[in-house]
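# Sequence and predicted structure below; questions after.
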Amino acid sequence: IAVGQRQLARALTLLERARVALGMMQTADAAIARPLAVACNNIAWELHDQGAQRTAEGTAAMLEIAAASRVHWARAGTWLEVARADYCLALTNLAANQVDVAASHARSCLQACEINVAPPIECVFAHEAHARVAAAQENGDCFACHADKDLTATRSGRTVSLFVAEKRFAASVHASLTCV
């Protein structure tokens with residue numbers, strides 16, 4: 001509520017008090033950590049949605065709170081909430097121009113969906129995060145992963161290589177194109 005009323009400092013103070021209180025509890029169970037995970041998630045998205053209106057302080061808070069959300073979901077949720085927190089981290093880091101960090105969280109979100117055979121709608125969001133990150137990357141960013149000869153993916157039950165030789169790419173008809 002405080003963030004919606006543009007009271008960021010108050011919202012951060014209240015959130016920090018709750019995080020400290022939870023941290024002092026030796027045996028806090030998921031029922032106690034869950035409301036904090038929800039609050040962090042909601043505040044992170046509220047800050048994300050401010051877009052160009054978000055201040056530098058708001059951007060820093062958004063990233064910190066999105067990361068806290070994932071920590072609390074790991075404690076209080078299932079793989080699905082953690083994957084959704086990675087989705088949030090992918091998009092919030094992308095909004096803060098932290099493309100490499102965003103890419104890592106997008107991959108984590110997608111991997112969680114694949115490993116847990118997620119419902120199709122969850123896969124849509126995971127692929128969306130991955131696509132948004134890919135659109136923000138340059139060729140050098142892509143080669144950071146695709147230069148790895150051991151990089152593979154499973155497609156239709158088959159393991160396929162995702163390796164791309166940078167020199168071959170540069171000499172190909174595709175050299176003038178960006179990866180994505």
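Perfect, thanks for sending it.
# From now on I want contacts and neighbour counts done on CA atoms only, so please keep to that.
OK.
# can you give me the strands in the protein?
Secondary structure of the chain by DSSP state E: the strands cover 152-155, 158-161.
# and of these, who's closest to residue 45?
Closest approach to residue 45 among the strands of the chain is made by strand 152-155 (30.6 Å; Cα to Cα).
# Quick one: distance of the closest one to the chain centre.
The chain centre lies 21 Å from the centre of strand 152-155; the measure is Cα atoms, centre = their mean, to the nearest Å.
# which other residues reach that strand?
159-163 (Cα atoms under 8 Å, 6 or more residues apart in numbering).
# Export those to JSON lines and append columns for pLDDT.
Listed next are the contacts of strand 152-155 as JSON lines, based on pLDDT from 0 to 100:
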{"residue": "159", "pLDDT": "91"}
{"residue": "160", "pLDDT": "91"}
{"residue": "161", "pLDDT": "90"}
{"residue": "162", "pLDDT": "88"}
{"residue": "163", "pLDDT": "90"}
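# in the protein, which ranges drop under the pLDDT threshold?
1-7, 21-28, 180 (pLDDT under 70).
# Now do the helices in it.
Ranges of helices in the chain, per DSSP state H, are 8-24, 30-48, 56-76, 79-95, 99-115, 120-136, 139-146, 166-171.
# how about those in a markdown table, adding mean neighbour count and distance to residue 179?
Output for these, formatted as a markdown table (neighbours: other Cα atoms under 10 Å; distance: least, Cα to Cα, whole Å):
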| stretch | mean neighbour count | distance to residue 179 |
| --- | --- | --- |
| helix 8-24 | 14 | 39 |
| helix 30-48 | 20 | 27 |
| helix 56-76 | 21 | 27 |
| helix 79-95 | 24 | 18 |
| helix 99-115 | 21 | 15 |
| helix 120-136 | 18 | 8 |
| helix 139-146 | 15 | 5 |
| helix 166-171 | 12 | 10 |
